[in-house]
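1. Here is a sequence together with a model predicted from it:
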Amino acid sequence: MYKVLLVDDELLDLEGLQRFMNWEGLGMEVCAAASSGFEALEVLDSQAVDIMVTDIRMPIMSGMELARRALELNPKLRIIFVSGYEDFQYAKQAISMSASGYVLKPVDDDDMRRSLEEVRETLDREREHSHLERYLSESGPLLRRELFMQLLDGTPDEEKVLSLLQRVGINWNGARLYTALLEPDDMSWKLNGFSDGAKAEMENRLELSIERYCAEEQIQACRTERFHYALILEESVGRERLRRLIHQAADGIPLTVTIGVGPTVSHLRGLRDSFRQARNALGLKLFLGKGKLILHSDARGPISASAKDLDSILQALFAAVTSYRLVDVDDCNEELFVWVGNMETKLEIYQLFLHLVSKLDAYLHTINEDFYELLGLERKHLNILYDLETIEDMKSWLRRRMFELSERLQRKRQGKKRKLVEEIQAYIEEHLEHNVMLRDAANHFSFSPNHLGQIFYEETGVYFSDYVGLRRLERVKVLLSDPKLKVYEAANRVGYKNLSHFSKQFKEFYGVSPGDYRRHL
């Protein structure tokens, strides 16, 4: 929370600004309210203040004089000036003092809020910058991963990246480099028969084995996703050391690992292409087998083209399934079986289906879903594929399963949306006394405002702001039945700060003024 000091010799204006501005929603806290410049200086001298909102026209010590003396005490203080039209000549002077805002009296809540939000954004940027050095020193592993991904997926600024690499203990001496990508084989189903505790233990052993070996062999390694490791190696590190990693990584657990290797490059910018070829090499395990080292040069002729085509088809199929595009699911299924028609043995096709299921399950895990749980299957149920006698039977089986999977994902999404909207409505009811904004609700539920607003409209048929307005009017209508409450008190309880605006909205909606409505109760 940023600390705010309010200064105004008009006590009613001071109290109104303190009471009716949504300070908490702005990420701010009023630490003190002063009725003179002298009182304000005492506050500034005794505690840390981030923002000062001060009237310009005050007796004895004007707002301008207060600002000058305040900046001597705290040069980083942000100042918003408030004045009437007759004092507008002070605006130029305020600008020369690097004022953060200038709001005219009578103060409009929206104008003041916008000025405060602009100040907050400036302070947020300054705070992020000041935290950068601490982040670099305290977040070594995270920074290390980010640098790895920049090297492997981007086009890095070599000079900048080199200095950052040194800060996390990686020194590059200009040697030629190559990359590799390690992936556990069939992990989505090989551990299905084990308890959760046993699976966690084996996964931990695999991770520790990889990290320990790379540390001992001085191989730079970084986990890019769940149990996938990217490696950056100097040209002098031979392929035999990677083959030893394959055997050591899964020692003592019922798993194997496969490593794809990219070509050697002479500069950091080339690592991106080396890593792309390492990933392509890893995809060739469908044809060349698992538990081995696969070099980028192993991709020869039709195998390389087939692997690329298959990956493209599968990615399109997975995207169609998870986004409930059933026509596209069917089209991708047809494309897949054109590709399958070129295979020579039933065993090859069966292995392809196992590969498809493994890749689909891994894809679903990225959205926190599980292939087997969604369809209520166990791996042994996939044996039916080997019993089917024609490709047409296999195509029909896969189409039904993909449709079923897409339907179940869609139902889960709809259920989650309905639950989310109910939680949004409960949030609105809980905060109705404040000025409930879409942005505040989006922050609370960790969505972007546009996305949350779209979900709310799709499920309710009403825009978020319209729904809030309706609920406020319905709530105040109930409150007006209490004769102990004055009209402005009832309006204030549901977030209306401007009585004339409230009366206008009430009459537009119900056809009578709040007072007339109460008299006819």
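-> Yep, that arrived.

2. average pLDDT for the helix or strand in which residue 110 is found?
-> Element membership of residue 110 [criterion: DSSP states H and E] is helix 109-138. Mean pLDDT, helix 109-138: 77.

3. tell me which strands and helices the helix or strand residue 339 falls within is in contact with?
-> Element membership for residue 339 (DSSP H and E) is helix 326-340. Contact here means 3 or more Cβ pairs under 8 Å, 6 or more residues apart in numbering; DSSP states H and E; on that basis helix 326-340 packs against helix 301-322, helix 346-365, helix 391-430. For the C-beta atoms, the positions are set from N, CA and C on the backbone; glycine is no exception.

4. residues near residue 452, how many?
-> 22 (other Cβ atoms under 10 Å).

5. quick one: buried residues of the host helix or strand of it?
-> Element membership for residue 452 (DSSP H and E) is helix 449-460. By neighbour count on 16 or more other Cβ atoms under 10 Å, the buried set for helix 449-460 is 452-453, 455-456, 459.

6. can you give me the strands for this structure?
-> All strands of the chain, identified by DSSP state E, fall at 2-7, 28-34, 51-55, 78-83, 101-104, 177-184, 220-225, 228-234, 257-261, 293-295.

7. now the third one against strand 2-7, angle please.
-> So the one you mean is strand 51-55. For strand 51-55 against strand 2-7, the angle by axes from the mean of the first three to the mean of the last three Cα atoms, to 10 degrees is 20 degrees.

8. Please save the CA atoms from strand 51-55 in CSV.
-> Taking C-alpha atoms only, strand 51-55 is exported to CSV below (Å, rounded to 0.1, in the frame of the first residue of the first chain):
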residue,chain,number,x,y,z
ILE,A,51,2.0,10.7,-2.3
MET,A,52,0.8,14.1,-1.1
VAL,A,53,-2.5,15.6,-2.2
THR,A,54,-2.6,19.3,-1.3
ASP,A,55,-4.8,22.3,-1.9
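
9. what helices or strands is that strand leaning on?
-> strand 2-7, helix 37-46, helix 63-73, strand 78-83, helix 109-138.

10. Need the ones you listed in CSV (columns: distance to residue 54 and mean neighbour count).
-> Listed next are the helices and strands packed on strand 51-55 as CSV, based on distance: least, Cβ to Cβ, whole Å; neighbours: other Cβ atoms under 10 Å:
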stretch, distance to residue 54, mean neighbour count
strand 2-7, 4, 23
helix 37-46, 7, 17
helix 63-73, 4, 18
strand 78-83, 6, 24
helix 109-138, 13, 13
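
11. can you list these in a markdown table and add distance to residue 378?
-> Formatted as a markdown table, these follow (distance: least, Cβ to Cβ, whole Å):
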| stretch | distance to residue 378 |
| --- | --- |
| strand 2-7 | 56 |
| helix 37-46 | 69 |
| helix 63-73 | 71 |
| strand 78-83 | 62 |
| helix 109-138 | 45 |
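
12. Let me know which of the ones you listed is the nearest to residue 431.
-> helix 109-138 (16.3 Å; Cβ to Cβ).

13. And the pLDDT for residue 382?
-> pLDDT, read off for residue 382, is 68.

14. How about residue 499?
-> If you check residue 499, the pLDDT there is 78.

15. starting at the chain centroid, how far to the helix holding residue 339?
-> Chain-centre distance of helix 326-340: 33 Å, with Cα atoms, centre = their mean, to the nearest Å.

16. follow-up on the earlier one: where among the helices and strands packed on helix 326-340 is average confidence lowest?
-> Mean pLDDT values for those show the minimum at helix 301-322, a mean of 71.

17. Turn the helices and strands packed on helix 326-340 into CSV, including distance to residue 257 and mean neighbour count.
-> CSV is the format used below for the helices and strands packed on helix 326-340 (distance: least, Cβ to Cβ, whole Å; neighbours: other Cβ under 10 Å):
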stretch, distance to residue 257, mean neighbour count
helix 301-322, 19, 16
helix 346-365, 14, 17
helix 391-430, 28, 15
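
18. Now tabulate the ones you listed in a markdown table and tack on distance to residue 29.
-> Below are the helices and strands packed on helix 326-340 laid out as a markdown table (distance: least, Cβ to Cβ, whole Å):
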| stretch | distance to residue 29 |
| --- | --- |
| helix 301-322 | 44 |
| helix 346-365 | 42 |
| helix 391-430 | 21 |
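
19. Which among the ones you listed is found nearest to residue 65?
-> Comparing the helices and strands packed on helix 326-340 by Cβ to Cβ, helix 391-430 comes nearest, at 44.5 Å.

20. who does the closest one touch, helix- and strand-wise?
-> Using 3+ Cβ pairs under 8 Å, 6+ apart: helix 391-430 touches helix 301-322, helix 326-340, helix 346-365, helix 371-375, helix 384-387, helix 438-445, helix 449-460, helix 464-479.

21. Of all those, which one is nearest residue 431?
-> Residue 431 lies closest to helix 438-445 among the helices and strands packed on helix 391-430, at 7.6 Å (Cβ to Cβ).

22. For the closest one, give me every contacting residue.
-> Helix 438-445 is contacted by residues 25, 420, 423-424, 427-428, 431, 448-449, 451-453, 464-465 when judged by Cβ atoms under 8 Å, 6 or more residues apart in numbering.

23. what is the rounded mean pLDDT of it?
-> 87.

24. And stretch 177-197, by the same measure?
-> Stretch 177-197 comes out at a mean pLDDT of 81.

25. Straight-line length of that stretch, end to end?
-> End-to-end distance for stretch 177-197: 39 Å, by Cα to Cα, to the nearest Å.

26. which parts of it are buried?
-> 177-191.

27. Farthest-apart pair in these, please.
-> The largest separation in those, counting by Cβ to Cβ, is between 177 and 189 at 35.0 Å.

28. quick one on the thing from earlier: looking at the helices and strands packed on strand 51-55, spot the one closest to residue 346.
-> Short answer: helix 109-138, nearest of the helices and strands packed on strand 51-55 by Cβ to Cβ, at 55.7 Å.

29. Excluding its own residues, what touches stretch 256-264? List them.
-> By Cβ under 8 Å, 6+ apart, the list of residues contacting stretch 256-264 from outside reads 176-185, 206, 231, 235, 239, 242, 245-246, 249-250, 273-285, 290-297.

30. Buried among the residues you listed? Need that as a selection in ChimeraX.
-> Buried subset of these, written as a ChimeraX selection, criterion 16+ other Cβ under 10 Å:
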select :177,178,179,180,181,182,183,184,185,206,231,242,245,246,249,250,274,275,276,277,278,279,280,281,282,283,284,285,293,294,295,296
